[in-house]
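A.B. asks: coordinates only, sequence not included:
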């Protein structure tokens, strides 16, 4: 296995994920989410350094990925293995992630997968139907396998059974660039980073914060799913 990065035009190699360490095999048929704080992979910019927080993220990944694999297996990659000892999730893939296939440019999504919007909305509807609020929605959180969009990154999920959380508790999950945009969007909801936030409102705020990564018509459709 080797480190998996996204090659972003104008930026070069960037981490595929801020929480875990991303690994891939040589022929890009197996992707591994390694819940390990690897300084070399994160290039000294490690954002989750608290082992208790990493353990929580691992447990959420296991819980919600397993739920999806059982109820909606068509929407997630085939789970090869979930290893509690190594803290690794092994997933079957077919090449680089959706965002990378599009050369990290929203203008290219249609050329990668013409019906990607329909497929992604179906995934969001599945989350809603299971009572899941998923906040890791970056286009690199999807792979394309046999023409089907597959969702990953279930460490950043909650249900109404969870205690309300604050945005401040989750800033380590969010890149600096996205934080700057998020803080602007929070003004609309009259929120601060220390406010306990309703998960449904947080989901809408999440969609807003990804408005630079997806067409606005898609964001509008996504927002309606959780109304």
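C.D. replies: Yes, it's here. Since the model is a prediction, treat every value here as computed from it, not as a measurement.
A.B. asks: CA only for contacts and neighbour counts going forward, please
C.D. replies: Noted.
A.B. asks: and the lengthiest helix in the chain, average pLDDT?
C.D. replies: In the chain, taking DSSP state H as the definition, the longest helix is helix 51-71. For helix 51-71, the mean pLDDT works out to 96.
A.B. asks: residue ranges of the strands in this structure, please?
C.D. replies: For the chain, the strands defined by DSSP state E cover 2-3, 5-8, 12-15, 21-24, 30-34, 79-83, 88-92, 133-134, 142-145, 148-151, 157-158, 165-166, 196-197.
A.B. asks: please name whichever of the ones you listed is nearest to residue 120.
C.D. replies: Closest approach to residue 120 among those is made by strand 148-151 (7.0 Å; Cα to Cα).
A.B. asks: beta partners of residue 145?
C.D. replies: When assigned by DSSP bridges, residue 145 has beta-bridge partners residue 148.
A.B. asks: which residues touch it?
C.D. replies: Going by Cα atoms under 8 Å, 6 or more residues apart in numbering, residue 145 touches 77, 93-94.
A.B. asks: put the buried members of these into a PyMOL selection.
C.D. replies: Filtering these down to the buried ones (16 or more other Cα atoms under 10 Å) takes a single PyMOL command:
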select buried, resi 77+93+94
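A.B. asks: now the contacts of residue 145 as JSON lines including pLDDT and distance to residue 30?
C.D. replies: Output for the contacts of residue 145, formatted as JSON lines (pLDDT from 0 to 100; distance: Cα to Cα, whole Å):
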{"residue": "77", "pLDDT": "98", "distance to residue 30": "10"}
{"residue": "93", "pLDDT": "98", "distance to residue 30": "5"}
{"residue": "94", "pLDDT": "98", "distance to residue 30": "8"}
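A.B. asks: just the closest of the contacts of residue 145 to residue 156, please.
C.D. replies: Nearest to residue 156 among the contacts of residue 145, counting by Cα to Cα, is residue 77 at 17.3 Å.
A.B. asks: for that closest one, list the residues it contacts.
C.D. replies: Residue 77 touches 91-93, 143, 145, 150-152, counting by Cα under 8 Å, 6+ apart.
A.B. asks: let's see that with 6 Å instead.
C.D. replies: By Cα atoms under 6 Å, 6 or more residues apart in numbering, the residues touching residue 77 are 91-92, 150.
A.B. asks: out of those residues, who's nearest residue 211?
C.D. replies: residue 150 (20.5 Å).
A.B. asks: count the residues that sit near that closest one.
C.D. replies: 23 (other Cα atoms under 10 Å).
A.B. asks: just want the most central residue of the protein.
C.D. replies: Nearest to the mean C-alpha position of the chain, by Cα atoms, centre = their mean, lies residue 136 at 3.0 Å.
A.B. asks: got phi/psi on the residue nearest to that residue when sequence neighbours are not counted?
C.D. replies: Leaving aside its sequence neighbours, residue 136 sits nearest to residue 156 (Cα to Cα, 6 or more residues apart in numbering; 5.8 Å). In terms of degrees, to the nearest 10, the main-chain angles of residue 156 are phi -110, psi 60.
A.B. asks: ditto for residue 153
C.D. replies: Dihedral pair for residue 153: phi 70, psi 70, per degrees, to the nearest 10.
A.B. asks: which regions of the protein sit below the pLDDT cut-off?
C.D. replies: Filtered on pLDDT under 70, the chain yields no residues whatsoever.
A.B. asks: what's the distance between residue 115 and residue 195?
C.D. replies: According to Cα to Cα, to the nearest Å, residue 115 and residue 195 sit 38 Å apart.
A.B. asks: alright, calling it a day.
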